[in-house]
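Enquirer: here's a sequence, model it:
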Amino acid sequence: MSRKWIQNPNRCADEYLDGIEDFIEFARRHNPGATRIRCPCRRCNNTLWETIENVGFHLVRNGMIETYSIWNLYGEQVDHASSSNAPRVDNVEPIMDLNDEVMGIIQDVFPFASANINHEGEDDVPTPIDSAEFEQYEKLLKNANEELYPGCESFSVLTAIVELMHGKIKYRMSNLCFDYFLGGFQENASDEQLFAERP
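Expert: Numbering: from 1, shown residues only. Okay, the predicted model is just below:
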């Protein structure tokens, strides 16, 4: 599927509008049941989640990020083994959910967690681990596996924290403003455990 339409400056052109329809169809096909997806318009820059209908409007009004020709956030993957200079799209699979992404980050930050693999020619001597670092790892792992509230499968405690911090940074909220909103949520939360301070 050609993605040249992304660079078309005329967002009323049939080519551009057909391209948007192809993108929306692709997003629906690879994210079945999703009501919101990341918006790849120039303004949202794949950081804001919008309804699929709003994404279409944004793409007409703001245009798509011109360099976003491989839709990896919507399930598309690049075959890096290709000998061609042009990237080839291959193996389209559903995207990871946010919880999987956060678990990947934890493993990147704490490489000792997956360091039990014995590579050929290496000794089986375990790498010494700092106890404070291990406690940090255990705390993050616990928060990554704990549901935000009973029955919530889409957010763990850690993914909720990550999303809140992302919004705080993206919209340049001061600590005072952020604390104010969290305090309001805490006062009005129906589940007392939701915003309880955690050790």
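
Enquirer: how many neighbours does S156 have?
Expert: If you count neighbours by other C-beta atoms under 10 Å, S156 ends up with 21. (Each C-beta comes from the backbone N, C-alpha and C, glycine too.)

Enquirer: check contacts around it.
Expert: N99, V102, N143, A144, N145, E146, E147, L148 (C-beta atoms under 8 Å, 6 or more residues apart in numbering).

Enquirer: from H166, how far off is it?
Expert: Look at S156 and H166: by C-beta to C-beta, to the nearest Å, they are 15 Å apart.

Enquirer: with G33 instead?
Expert: In terms of C-beta to C-beta, G33 sits 24 Å off from H166.

Enquirer: now M64, which residues is it bridged with?
Expert: On the basis of DSSP bridges, M64 is bridged to C41.

Enquirer: any idea how far it is from I70?
Expert: From M64 to I70 the distance is 12 Å (C-beta to C-beta).

Enquirer: between the two, which has more neighbouring residues?
Expert: M64 (27 against 14).

Enquirer: wait, doesn't the more buried one sit right on C44?
Expert: No - using C-beta atoms under 8 Å as the test, M64 is too far from C44 to be in contact (10.2 Å).

Enquirer: domains of the protein?
Expert: For the chain, automatic domain parsing gives the domain ranges 4-90, 98-188.

Enquirer: using a markdown table, please lay out those together with mean pLDDT.
Expert: Below are these laid out as a markdown table (pLDDT from 0 to 100):
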| stretch | mean pLDDT |
| --- | --- |
| domain 4-90 | 81 |
| domain 98-188 | 74 |
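
Enquirer: of these, flag the one that's most buried.
Expert: Among the domains of the chain, domain 4-90 has the highest mean neighbour count (mean count of other C-beta atoms under 10 Å), at a mean of 15.

Enquirer: now intersect the contacts of S156 with the strands, please.
Expert: Assignment to strands by DSSP state E places none of those there.
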